[in-house]
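> Please work out how this folds:
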Amino acid sequence: MTAIDPSELDTAARDARKQRTFTRINAADKWFQVLGLSWLTPVLKAVAGDNPKAQGKEIWRLLGVPLLAIALFMASWATLAPTVQTSLGAIPGPAQVWEQVGNLHADAQREKEKEAAFYVRQDERNAKLIADGRADRVKERVYTGKPTYYDQIWTSILTVFFGFLIASIVAIPLGIAAGLSPMVNSAINPLIQIFKPVSPLAWLPIVTMIVSATYASDGWFAKSFLTSAITVTLCSLWPTLINTALGVASIDKDLVSVSKVLKMNTWTKITKLVLPSALPLIFTGLRLSLGVGWMVLIAAEMLAQNPGLGKFVWDEFQNGSSQSLAKIMVAVFTIGIIGFLLDRLMYAIQSMFTFTNNR
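Okay, the predicted model is just below:
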């Protein structure tokens, strides 16, 4: 009987553990890419001992180079900004913009404190009225202070998602119909070509007049909210519509033949064959639509003076104070970061659906 060297068992166990570690890292890599954190994969592999030199090159490419580019951008901005003089003073540098981030946060905190104090006073007043036997004079009022910067952000996010949802509900069924039927495609293609290039600035007056004429003031939504959301819908549905139609029309002809042989009804054909095959292009359209909708919303809010980040930018521009430019630049970075996060969110949902579909 041959004796087994304990050191060989230890080596085999270490190799097995290392292999399991790399398997987990590779599995997590997909989600790192979804979240924009792909540089974590080589970091974890280097820590686990997988060719640190090669992983170091990947870390430099995925993390070092972007950080270096950001540092160069910040340095150039800080150097060049003071040299550009405007009617509101010099262009603010990174330090001034960061200072306004703190100021906007402090303003929001003060406004929340005012709101809390308002409701405390109201509760105390109502309690006193009830104690004095004058319950009929009790009133519940809603605090109407100015919206904070965070309120403006939240309003814009809600508006873009509402408009995007309506656009998706309209565009996906139409795209499926256009992809399945050449007749439907021929019917709606001229409309797509005519209305797709129309600017939100052209849609906005029309939408504003229609909403004002047909929607009651005491409805579920404010007119300003509906105006912005419908403008987003009209401008953002086209990428989803076009990509859905293209994805459906591009499905494997063999699958279509199988559906005919199996005598599938239309609903089964769409849910079992069409959608799974067209899903990648549909999600590509949805990501494009959400990005378009976010850009359109800011323009619509600025022009119509509807609540949101666009109105914040316009108000600061009209304000003309020495801090206005820095606050506008805070809004610019906020708009860009939120746009990136919205795209990552759609990419994450796409990855989840694709993973479930491939299982």
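> My read is that A249 contacts G179, right?
Yes - counting by C-beta atoms under 8 Å, G179 is a contact partner of A249 at 4.2 Å. (Each C-beta comes from the backbone N, C-alpha and C, glycine too.)
> who has more neighbours, these two?
G179 (22 against 18; other C-beta atoms under 10 Å).
> contacting residues around the more buried one?
185, 244-249, 274, 278 (C-beta atoms under 8 Å, 6 or more residues apart in numbering).
> if we go to 10 Å?
185, 243-251, 274, 278, 281 (C-beta atoms under 10 Å, 6 or more residues apart in numbering).
> Most neighbours among the residues you listed, please name it.
That'd be T244 among the contacts of G179, by other C-beta under 10 Å, with 30 neighbours.
> before we move on, the earlier item: nearest to G310 among the contacts of G179?
N243 (26.9 Å; C-beta to C-beta).
> Against V198, how distant is that closest one?
Going from N243 to V198 by C-beta to C-beta, to the nearest Å gives 19 Å.
> again, but for I169
From I169 over to V198 (counting by C-beta to C-beta), the distance is 20 Å.
> where does the stretch 101-250 of the chain have low pLDDT?
The model of the stretch 101-250 of the chain has pLDDT under 70 over residues 217-219.
> And the strands in it?
If you assign secondary structure with DSSP state E, counting those that start in this stretch, the stretch 101-250 of the chain ends up with no strands.
> L174: what's it in contact with?
Applying C-beta under 10 Å, 6+ apart, we find L174 in contact with 184, 188, 191-192, 237, 240-241, 244-245.
> Then W203?
195, 227, 230-235, 296, 300.
> ok, of those residues, which come out buried?
Buried by 16 or more other C-beta atoms under 10 Å: 227, 230-235, 296, 300, out of those.
> list the buried ones in the longest helix seen in the chain?
Of all the elements of type helix in the chain, the one with the most residues (DSSP state H) is helix 94-131. Buried residues in helix 94-131, defined by neighbour count with 16+ other C-beta under 10 Å: 96-97, 100-101, 104, 108, 111, 122, 126.
> can you list those residues in a markdown table and add distance to K327?
Shown next, in a markdown table, are these (distance: C-beta to C-beta, whole Å):
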| residue | distance to K327 |
| --- | --- |
| Q96 | 10 |
| V97 | 9 |
| Q100 | 5 |
| V101 | 9 |
| L104 | 7 |
| A108 | 13 |
| E111 | 15 |
| Q122 | 31 |
| N126 | 38 |
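> which one among those residues gets closest to Q33?
Of the buried residues of helix 94-131, the one sitting nearest to Q33 (C-beta to C-beta) turns out to be V101, at 29.0 Å.
> Kindly state the pLDDT recorded for the residue nearest to that closest one when sequence neighbours are not counted?
Setting aside the residues directly before and after it, V101 is nearest to V330 in space (C-beta to C-beta, 6 or more residues apart in numbering), at 5.6 Å. Note on V330: pLDDT of 94.
> Also L37?
Residue-level pLDDT assigned to L37 equals 79.
> Residue numbering should commence at 429 henceforth.
Yep, numbering from 429; the last one is L465 now.
> how about it, secondary structure?
Here L465 is recorded as coil under DSSP: H, G, I helix; E, B strand; the rest coil.
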